[in-house]
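Q: Predicted structure and sequence below. I'll ask about it afterward.
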Amino acid sequence: MPHLSLAALAAFSALAGCGSQDKPSEPPAAQAAAPINYGSSQPAATKPFKVTPVATFDNPWALAFLPDQTMLVTEKPGSLWLVKADGAKTQVGNVPRVHFEGQGGLLFVAAAPAFAQNRQVYLTYSEPGEGGDGLALARATLDTSGAQPALANVEVLWRQLPRGKGGQFGGYIAFSPDGRYLFLASGERQRFTPAQDPDQALGKILRLTLDGKPAPGNPGAGKVGAATIGVIDPPENTGSAAKAVARKVTLDAPNLTPAETWSTGHRNPYGLAFDTHGRLWETEMGPQGGDELNLIEPGRNYGWPVVSYGKNYDDTPIASPKGNAKFQEPALYWNPIIAPAGLTFYAGQMFPEWRDSAFVGGLASTALIRIAFDGIVPREAERWDMGNRIRAVMAGPDGALWVLEDGSDGRLLRLTSKRAG
């Protein structure tokens, strides 16, 4: 994992006050208390659900439910599958070309809010091109009329430019509750400073129209950034003498990032979902420690790489966000890490005691975590050791929880109530 020297971090910290966004109309929401660290929480002795393996995949990354309760499942190497509830799999053709390496590949999949009428789906992936990879957002029509399902009318709606090296693409999608807008989580690609640069999409949560354009009402609506932007490439190695490389890149078109940005200062967003009250939440991987659950609000700056409850991988410290009014603190955090992956809110009937809870998968923690809420204050309520790295979790229309394991033989699991028989 790349990291920077203390001198480089000090230089980066100086950028924090460089106007990442217009000031929000209201001051940051007051916290009733400092966020609680749940990093040392222990798994429960028993599980209140039974686990049924459904299918196996090669490095699965995300799943999405369609109105008929079939699923779409992505595999990082570049395959998309149509999956029935009994595990029967059919590969979907005409998927965009991806670069599968490290954290890159075919990432998120989501059914459009009006899928029942237009059969459109959205995909995110690491798109190869000149200079390296970049996060891409594409939209296509799922055609199941032929012998093999396929994507038709594939259109790239948004690209992270310029391309380059580094992982941590983000790529999670959430649609606004009214179905009019798309929120896209864009990771900072292990480049640190772009998360605080208003002219770069890295380290941001973007709010777009369903066609991939800047959404009206964003904090920077109507603004465009400089055509020439600074780029920080990650170090070539992880040694203590590793240094980032700074360069200038001229874009081929006006930079719309300020008009797209909803929130800034994110490291590696690995979960994005609206709760049952219409509030947007995000899970975020920290550095060495400091994984976060954040309540995402427009115009807020969440602090990376200037502040964190973790530290860098070379053990150099990062300033704490505690008491720093410039940055929004996490709602809760984990140190030691859980390596969160996936976020879903439960509103089903199978587990009535879990309604309005959030569920988070854990990679490093090999756990499934339930988060309960006291108003808007979250707390880790339960944790279960799943025995494997958990890549994604979704609440299904059948009331069950559906979980994807990570890895070359990652399983799709259906979690059902023991009371259901």
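A: Yep, it's here.
Q: can you list the weak-confidence ranges in the stretch 151-300 of the chain?
A: 228, 232, 235-245, 251 (pLDDT under 70).
Q: Which residues are in contact with the residue most central in space within the chain?
A: Of all residues in the chain, the one closest to the mean position by C-alpha atoms, centre = their mean is residue 270, 3.0 Å from it. Residue 270 sits next to 170, 172, 185, 283-285, 340-342 when contact means C-beta atoms under 8 Å, 6 or more residues apart in numbering. No exception for glycine: its C-beta is placed from N, CA and C like everyone else's.
Q: In JSON lines, list those along with secondary structure, neighbour count and distance to residue 393.
A: Formatted as JSON lines, the contacts of residue 270 follow (DSSP: H, G, I helix; E, B strand; the rest coil; neighbours: other C-beta atoms under 10 Å; distance: C-beta to C-beta, whole Å):
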{"residue": "170", "secondary structure": "strand", "neighbour count": "33", "distance to residue 393": "17"}
{"residue": "172", "secondary structure": "strand", "neighbour count": "27", "distance to residue 393": "13"}
{"residue": "185", "secondary structure": "strand", "neighbour count": "29", "distance to residue 393": "16"}
{"residue": "283", "secondary structure": "strand", "neighbour count": "30", "distance to residue 393": "11"}
{"residue": "284", "secondary structure": "strand", "neighbour count": "26", "distance to residue 393": "16"}
{"residue": "285", "secondary structure": "strand", "neighbour count": "25", "distance to residue 393": "16"}
{"residue": "340", "secondary structure": "strand", "neighbour count": "28", "distance to residue 393": "10"}
{"residue": "341", "secondary structure": "strand", "neighbour count": "24", "distance to residue 393": "8"}
{"residue": "342", "secondary structure": "strand", "neighbour count": "26", "distance to residue 393": "5"}
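Q: Tell me the one among the residues you listed nearest to residue 51.
A: Distance to residue 51 across the contacts of residue 270 (C-beta to C-beta) is lowest for residue 342, with 16.4 Å.
Q: State the number of residues packed around residue 302.
A: 27 (other C-beta atoms under 10 Å).
Q: Check residue 265 too.
A: Neighbours around residue 265, by other C-beta under 10 Å: 27.
Q: and if you look at residue 173?
A: Residues near residue 173, counting by other C-beta under 10 Å: 22.
Q: Who are the contact partners of it?
A: 108, 110, 122, 124, 137, 182-185, 272.
Q: Need the phi and psi values for the closest residue to it other than its chain neighbours.
A: Closest residue to residue 173 apart from its sequence neighbours, by C-beta to C-beta, 6 or more residues apart in numbering: residue 110 at 4.6 Å. Torsion angles at residue 110 (phi, psi; degrees, to the nearest 10) stand at phi -150, psi 140.
Q: Go ahead and confirm residue 110 touches residue 121.
A: Yes. Contact criterion C-beta atoms under 8 Å: residue 110 and residue 121 qualify, at 6.8 Å.
Q: intersection of neighbour lists for these two?
A: Contacts common to residue 110 and residue 121, judged by C-beta under 8 Å, 6+ apart, are residue 64.
Q: For the stretch 151-300 of the chain, just list every one of the helices.
A: Ranges of helices in the stretch 151-300 of the chain, per DSSP state H, counting those that start in this stretch, are 257-260.
Q: show me where it has strands.
A: Along the stretch 151-300 of the chain, the stretches classed as strands by DSSP state E, counting those that start in this stretch are 170-175, 181-186, 204-209, 228-233, 245-250, 261-264, 268-274, 280-285, 291-296.
Q: If you count contacts, what does the fifth one end up packed against?
A: Under the contact criterion of 3 or more C-beta pairs under 8 Å, 6 or more residues apart in numbering; DSSP states H and E, the helices and strands touching strand 245-250 comprise strand 228-233.
Q: on that earlier part again, which one of the contacts of residue 173 is nearest to residue 388?
A: Proximity of the contacts of residue 173 to residue 388 (C-beta to C-beta) peaks at residue 108, which lies at 20.6 Å.
Q: The closest one should be in a strand, yeah?
A: Yes. Note on residue 108: a strand contains this position according to DSSP: H, G, I helix; E, B strand; the rest coil.
Q: show me the contacts for it.
A: Residues near residue 108 by C-beta under 8 Å, 6+ apart: 61-62, 74, 122-124, 171-173.
Q: Most widely separated two among these?
A: For those, the maximum inter-member distance is 14.0 Å, found between 61 and 122 (C-beta to C-beta).
Q: Can you verify my assumption that residue 355 contacts residue 370?
A: No. Using C-beta under 8 Å, residue 355 is not in contact with residue 370, being 11.6 Å away.
Q: who's more crowded, these two?
A: residue 370 (21 against 12).
Q: mind checking the SS state of the more buried one?
A: Secondary structure, three-state DSSP: residue 370 is strand.
Q: check which helix or strand covers the residue nearest to it when sequence neighbours are not counted.
A: Excluding the flanking residues, the one nearest residue 370 by C-beta to C-beta, 6+ apart is residue 382, at 4.3 Å. Residue 382 is part of strand 377-385, with elements assigned from DSSP states H and E.
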